[in-house]
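**Student:** next come a sequence and a model predicted from it.
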Amino acid sequence: MNEREYQVTGMTCGHCELSVREEVAQLGGVDVVEVTAASGRLIVTAPAHVDDAGVLAAVEEAGYSAVRV
């Protein structure tokens, strides 16, 4: 399993978490999406390579910005 961690800015509540989780989960090959608004932490787990550009674009689509940690 491949795991990547990102720092998301702008999230403040559970709805923010849900928006990010839904967008990132739509990416092909993603198994698990863990996101916490309080820390801004996003962890994406997949059996194969995780496409950073795809994850960052999905977070942006949800209305937030992120960087890989």
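**Tutor:** Ah, there it is.
**Student:** tell me where the protein has helices.
**Tutor:** 14-25, 52-61 (DSSP state H).
**Student:** now these in a markdown table, with mean pLDDT?
**Tutor:** Formatted as a markdown table, the helices of the chain follow (pLDDT from 0 to 100):
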| stretch | mean pLDDT |
| --- | --- |
| helix 14-25 | 97 |
| helix 52-61 | 96 |
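**Student:** JSON lines for the ones you listed, including distance to residue 36 and mean neighbour count?
**Tutor:** All C-beta atoms are positioned from the backbone trio N, CA, C, and that covers glycine. Shown next, in JSON lines, are these (distance: least, Cβ to Cβ, whole Å; neighbours: other Cβ atoms under 10 Å):
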{"stretch": "helix 14-25", "distance to residue 36": "7", "mean neighbour count": "17"}
{"stretch": "helix 52-61", "distance to residue 36": "14", "mean neighbour count": "17"}
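**Student:** reformat the ones you listed as TSV; add distance to residue 67.
**Tutor:** Output for those, formatted as TSV (distance: least, Cβ to Cβ, whole Å):
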stretch	distance to residue 67
helix 14-25	14
helix 52-61	8
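**Student:** right, and the ones you listed - which one's nearest residue 2?
**Tutor:** helix 52-61 (11.1 Å; Cβ to Cβ).
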